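1. sequence and predicted structure are below.
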Amino acid sequence: MIEFLNWLDGVLWGLPLIVLMIVTGLYFTVRSRFFQFRHFGWIMRRTGGQMFGSGKEAKEDKQGMLSAFEAISTAIGGTVGFGNIAGVATAVAAGGPGAVLWMWLTACLGMILKQVEVTLGCYYRRKNEKGEYYGGPTYYMERGLGIERKWGRLWLVPAVIFGIGIFSTFFVTSSNLTASQVVSGALQIPDLTLGDIKIEGVILIGILLCILTYIITSGGTKKIASIFSKLVPFMSMLYILMGIGMIAANLSAVPGAIAAIFTNAFTGTAAIGGFAGCAVSEIIRTGMARSVYSNEAGWGTSPMIHASANTRHPVEQGLWGSFEVFFDTFIICTITALSVILSGKWTDGTNGGTLALNTFASSFGTIGSILLAFIMVIFTVTTSGGWFTYYLAILEHLYKKEGPVKDLVMKVFYAVRALPGLLWTIYLVKTNNQGFIWTLVDITSAIPTFINVAVILILSNQYFVLLKDYKARYLGERKTVKGIRLFYEDGGKEKE
């Protein structure tokens, strides 16, 4: 079974998906005249700059139920999580330092890919009967493919495949396990014996994390966004400071680590210690897979929360998508990768949360382990909360109108929302077979990514119309597009 899953992982993250992502990313990059690079300063001012009050909000009408900052906090909460720590550590352990370069290159294209999908998510979003805005890939598949491109009900084919792919992550998740390993290892949580039943320390922490996730997600999307707007900046800054400390403690070795990232990316990595060695093709595949899993560019997840944002223009919200990828990969993931490489622990045969824990413990000792444990608890809760809002967006689309069926489905979903992660933790700890979980994670990310990237490529003209209008309004390029509607619902017609 494990051999089959490894084979399937290799096929899904093989040449077709890699080529599709590279070609699509290059297409949007070139046709937008390298927007993510030429207007990088503008993107930072309109996103990160707004966090610290360096930009003034235009006095224009906005539509949405969340502020842009609440939306980005929730989206970053969903992306910046255990994948940035355990996932990146696993990438280095599996592909060597060279995998980091391919993560960076994928993120360069990912900045424009996420901008496009977030823009389309905002443009094609829908307001439900309660006045709440929801959107995402299934929404622009219905309205963009089904109605505007006259696909009829054929839009359901990619939408169903995408929906199944996204919801498979509800049943296949390693966030609870990873955080539980780090916390129990750092705090040395002992096993608990109740009669003939033995409950490992990892499982005890998993139960506590499950309860905490239930508490955080109890208030729905609006409540989650409100909490995350305060929690996410704090947790991110704490991890950044910890990573900088790790790098500073090994400053003399930084040039060698950076050199290894660039040289190993094109030459492969020889066997060292417990590291079995890696060919260039495997380094590319590993780097790209971990990059997408970490920053979620092209995956189609972030548009589901950004579509709820209170924004003046779809492209304006799309800028936050670009910022999200930059912050996630070039800052958070880079700190993790450099820390792991500098520690030298990536060759000892461990991966995931255990490798991350060993990395920071090597420089900071017990204090480093405890700090990482605290950060992992926050990361896990925010990741679970962020994905909770994505599942809600899909369910809102599936059950458009209020009624007894929708009420029942929502009640069941709310009742079991945090259980799969805990059940995986129990199963993997009891069977002591934890290695293949990352293979399953790769599989569940590949399917929706393939569908979503193909769809945004098909709907690219709508993005470029909106981008042309945005440039005219705010960047002084060309004249404003006449007769444009900024949101589909401004003039879209559809059959319910």
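-> Everything's here; your move.
2. contact partners for the closest residue to I247 other than its chain neighbours?
-> Distance criterion C-beta to C-beta, 6 or more residues apart in numbering; nearest residue to I247, sequence neighbours excluded, is L338 at 5.7 Å. In this view, the C-beta of every residue, glycine as well, is placed from N, C-alpha and C. Counting by C-beta atoms under 8 Å, 6 or more residues apart in numbering, L338 makes contact with 243, 246-247, 254, 257-258.
3. give me the buried subset of the residues you listed.
-> Neighbour counting with 16 or more other C-beta atoms under 10 Å marks 243, 246-247, 257 as buried within the contacts of L338.
4. on that earlier part again, measure the residue nearest to I247 to T329 for me?
-> 13 Å (C-beta to C-beta, to the nearest Å).
5. return the distance of the longest helix along the chain from the chain's centre.
-> For the chain, the helix reaching the highest residue count under DSSP state H is reported as helix 352-398. With C-alpha atoms, centre = their mean, to the nearest Å as the basis, helix 352-398 stands 12 Å off its chain's centre.
6. likewise stretch 336-348?
-> Using C-alpha atoms, centre = their mean, the offset of stretch 336-348 from its chain centre is 23 Å.
7. pull it out as CSV, backbone CA atoms only.
-> Once non-C-alpha atoms are left out, stretch 336-348 reads as follows in CSV (Å, rounded to 0.1, in the frame of the first residue of the first chain):
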residue,chain,number,x,y,z
THR,A,336,13.2,27.3,8.9
ALA,A,337,15.3,26.0,6.0
LEU,A,338,18.4,27.9,7.0
SER,A,339,18.0,26.8,10.6
VAL,A,340,17.7,23.2,9.7
ILE,A,341,20.7,23.3,7.3
LEU,A,342,22.9,25.3,9.8
SER,A,343,22.1,22.8,12.6
GLY,A,344,23.4,19.9,10.5
LYS,A,345,20.5,17.8,11.8
TRP,A,346,19.0,17.2,8.4
THR,A,347,21.4,14.3,7.8
ASP,A,348,20.6,12.4,10.9
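8. tell me the mean pLDDT for that stretch?
-> In this model, stretch 336-348 has an average pLDDT of 83.
9. could you shift the numbering so residue one becomes 31, and keep it that way?
-> Sure thing, new numbering starts at 31, so read that last one as stretch 366-378.
10. pull the contacting residues for S490.
-> Here S490 is in contact with 57-58, 61, 146 (C-beta under 8 Å, 6+ apart).
11. 7 Å instead, please
-> F58 (C-beta atoms under 7 Å, 6 or more residues apart in numbering).
12. ok, it to P188 distance?
-> 15 Å.
13. same thing with S352?
-> For S352, the distance to P188 - C-beta to C-beta - is 24 Å.
14. more neighbours: the two, which one.
-> S352 (26 against 21; other C-beta atoms under 10 Å).
15. shouldn't the more buried one be in contact with Q145?
-> Yes: if you go by C-beta atoms under 7 Å, S352 and Q145 touch, sitting 4.6 Å apart.
16. between those two, what contacts are shared?
-> If you check S352 and Q145 against C-beta under 7 Å, 6+ apart, the residues they both contact are Q66.
17. follow-up on the earlier one: in JSON lines, list the contacts of L368 along with pLDDT, distance to G348 and secondary structure.
-> Output for the contacts of L368, formatted as JSON lines (pLDDT from 0 to 100; distance: C-beta to C-beta, whole Å; DSSP: H, G, I helix; E, B strand; the rest coil):
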{"residue": "G273", "pLDDT": "84", "distance to G348": "28", "secondary structure": "helix"}
{"residue": "M276", "pLDDT": "84", "distance to G348": "33", "secondary structure": "helix"}
{"residue": "I277", "pLDDT": "87", "distance to G348": "32", "secondary structure": "helix"}
{"residue": "V284", "pLDDT": "90", "distance to G348": "34", "secondary structure": "helix"}
{"residue": "A287", "pLDDT": "90", "distance to G348": "34", "secondary structure": "helix"}
{"residue": "I288", "pLDDT": "92", "distance to G348": "31", "secondary structure": "helix"}
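18. let me know the closest of those residues to T331.
-> G273 (24.4 Å; C-beta to C-beta).
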